[in-house]
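[1] Give me the fold of what follows.
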Amino acid sequence: MRYHQSGNIPQKRHTIFKSPEDKFYYEQLFGTEGFHGISSLLYHTHRPTQIKSIGIPKDVTPKIAVEKNIAPRMFKGMNVTPENDFMDSRKILLMNNDLKMGLAKPRKSMDYFYKNAECDELLYVHNGTGVLKTFVGDLEFVTGDYLIIPRGTIYQVELNSDDTVFFVLESHSPIYTPKRYRNEFGQLLEHSPFCERDMIAPVFKEPKDEKGEFLIKVKKENQITDFIYATHPFDVVGWDGYFYPYKFNIKNFEPITGRIHQPPPVHQNFEGHNFVVCSFCARMYDYHPMAIPAPYNHSNIDSDEVLFYTEGDFMSRNHIDLMDFTLHPGGIVHGPHPGAMERSIGKKFTEEYAVMVDPFRPLKITEEALKVEDPSYKTSWLEESDKTMEDRSQE
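    From the prediction side, this is the model:
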């Protein structure tokens with residue numbers, strides 16, 4: 001991230017800062033990893049510590065159905081159940097000790113505030129528009145936006161329609177851009193497939209100088225607890241630093257292509273501890289005269305591979321719908337479906353868009369995932385003659 005400043009701040013940090021009415025503003029250090037990681041300084045109209053009451057924690061631990069998985073699987077995101085409430089709509093499908101991911105189909109805007117006190121969040125907007133409102137400003141979002149929300153951010157989501165769909169990833173470590181695309185000063189390098197101009201910071205809004213009862217739902221250790229605060233959390237008069245939510249649209253990713261097929265790391269967009277996130281985007285296919293554009297079969301020995309299909313037609317897969325998740329576990333060879341390699345030869349361009357997550361520790365499968373699983377996926381690489389024999393053997 002780069003340094004950003006909004007609103008009014010004092011000339012020197014940790015010094016007296018007052019309003020035109022000679023009232024104190026209250027400074028807050030907002031950051032992670034103790035006092036070592038990136039941070040920002042926020043200046044509040046009121047002390048941000050005024051708790052009126054704390055409710056009984058609600059357990060939201062995802063229920064694991066498959067602890068150890070070795071089978072290829074597909075989950076039909078189209079069949080995930082929508083919910084009116086934003087938090088209730090989050091259906092975690094896959095998880096390990098580093099991350100959780102799934103789908104959310106909220107039907108109504110949030111009438112409360114929310115803070116994830118444990119995980120950074122990545123919300124990919126599969127469909128819909130709206131506004132991510134935070135205590136450091138607003139981010140208007142559209143289809144294709146990644147919303148990167150650092151842990152501890154207090155926010156609300158305002159929806160423009162009731163058909164919004166988010167791909168959701170919660171990370172126990174900070175989510176950054178790939179280190180190999182940054183120099184020693186943190187600046188993105190010339191060969192990076194995106195640059196700082198593509199990362200949009202929140203638009204500062206006038207602070208809310210309000211007292212009353214304000215509900216902030218706080219999530220930590222798989223529990224959501226209702227905190228009632230005495231002042232509006234969006235009372236920040238100014239802030240500066242490196243730690244803040246931002247958005248990045250998948251169509252601002254500039255694909256790296258070559259004469260022969262490029263490996264998945266060229267599509268990397270973000271990373272956390274023990275996982276990477278890649279953006280597969282519309283791009284030229286490989287242009288060697290003998291190139292095979294379809295990906296080659298590969299084993300993924302050291303990581304699972306999850307693909308979320310969000311737009312276009314996917315040349316390496318048969319019978320894939322938008323919002324589908326595919327899971328290819330580490331150690332099991334996977335590759336193009338029958339006929340996909342042959343169909344790809346001679347093709348010049350693809351319009352596909354997908355979000356890929358490669359965790360470096362095996363994923364567990366939740367009960368929510370099994371509700372929408374397509375059990376036929378694991379045998380979908382069989383040739384037609386072999387598939388007919390398989391069907392007959394099961395009769």
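[2] What count of nearby residues applies to Asp198?
    Look at Asp198: counted by other Cβ atoms under 10 Å, it has 17 neighbours. Heads up, the C-betas are built off the backbone N, CA and C, glycines and all.
[3] Now Arg343, what are its backbone angles?
    Its backbone dihedrals place Arg343 at phi -60, psi -30, with angles given as degrees, to the nearest 10.
[4] Please report the distance of it from Ile292.
    For Arg343, the distance to Ile292 under the criterion Cβ to Cβ, to the nearest Å works out to 11 Å.
[5] what do you get for Ile365?
    Distance, Ile365 to Ile292, using Cβ to Cβ: 32 Å.
[6] These two - which one has more neighbours?
    Set Ile365 next to Ile292 and count neighbours by other Cβ under 10 Å: Ile365 wins out with 22 against 17.
[7] Met95 versus the nearest residue to the more buried one once chain neighbours are set aside, what's the distance?
    In this structure, Ile365 finds its nearest non-sequential neighbour in Val66, 3.9 Å apart by Cβ to Cβ, 6 or more residues apart in numbering. The gap separating Val66 from Met95 is 11 Å, by Cβ to Cβ.
[8] go on, Arg151?
    In this structure, Arg151 and Met95 are separated by 17 Å, where distance is defined by Cβ to Cβ.
[9] Correct me if wrong: Ser299 contacts Ile332.
    Yes. With contact defined as Cβ atoms under 8 Å, Ser299 reaches Ile332; the gap is 7.3 Å.
[10] More neighbours: those two, which one.
    Per other Cβ under 10 Å, whichever of Ser299 and Ile332 has more neighbours is Ile332, with 16 against 12.
[11] And the pLDDT at the more buried one?
    Predicted confidence (pLDDT) at Ile332: the value is 91.
[12] and if you look at Lys387?
    According to the model's per-residue confidence, Lys387 sits at a pLDDT of 53.
[13] Burial check on Leu123, number of neighbours?
    Leu123: 22 surrounding residues under other Cβ under 10 Å.
[14] and it, that's in a strand?
    Yes. Looking at Leu123 with DSSP: H, G, I helix; E, B strand; the rest coil, it is inside a strand.
[15] Tell me who's in contact with it.
    With contacts defined as Cβ atoms under 8 Å, 6 or more residues apart in numbering, Leu123 is in contact with Ala104, Leu132, Tyr146, Leu147, Ile149, Phe166, Phe167, Val168, Leu169.
[16] The stretch 101-250 of the chain: strands as residue ranges?
    With DSSP state E, counting those that start in this stretch as the criterion, the stretch 101-250 of the chain has strands at 113-116, 120-127, 130-134, 137-141, 145-149, 154-159, 165-171, 211-220, 223-231, 236-241, 246-249.
[17] Let's see the longest one as CSV, backbone CA atoms only.
    Once non-C-alpha atoms are left out, strand 211-220 reads as follows in CSV (Å, rounded to 0.1, in the frame of the first residue of the first chain):
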residue,chain,number,x,y,z
LYS,A,211,-24.4,10.4,20.3
GLY,A,212,-26.9,7.6,21.1
GLU,A,213,-26.7,3.8,20.8
PHE,A,214,-24.8,2.4,17.9
LEU,A,215,-24.6,-1.4,17.3
ILE,A,216,-21.3,-2.7,16.1
LYS,A,217,-21.2,-6.5,15.6
VAL,A,218,-17.6,-7.7,16.3
LYS,A,219,-16.4,-11.0,15.1
LYS,A,220,-13.5,-12.8,16.8
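[18] Tell me which other helices or strands that strand touches.
    When contacts are defined as 3 or more Cβ pairs under 8 Å, 6 or more residues apart in numbering; DSSP states H and E, strand 211-220 packs onto strand 113-116, strand 223-231.
[19] Could you list every helix and strand that the last one packs against?
    Translated: strand 223-231. Applying 3+ Cβ pairs under 8 Å, 6+ apart, one finds that strand 223-231 makes contact with strand 51-54, strand 58-59, strand 211-220.
[20] Each with direction, which strands does the longest one pair with?
    Right, strand 211-220. On the basis of DSSP bridges, the sheet neighbours of strand 211-220 come out as strand 113-116 (parallel), strand 223-231 (antiparallel).
[21] any chance of those in a markdown table, plus distance to Pro62?
    Supplementary listing: the strands paired with strand 211-220 in a markdown table, determined by distance: least, Cβ to Cβ, whole Å:
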| stretch | distance to Pro62 |
| --- | --- |
| strand 113-116 | 15 |
| strand 223-231 | 13 |
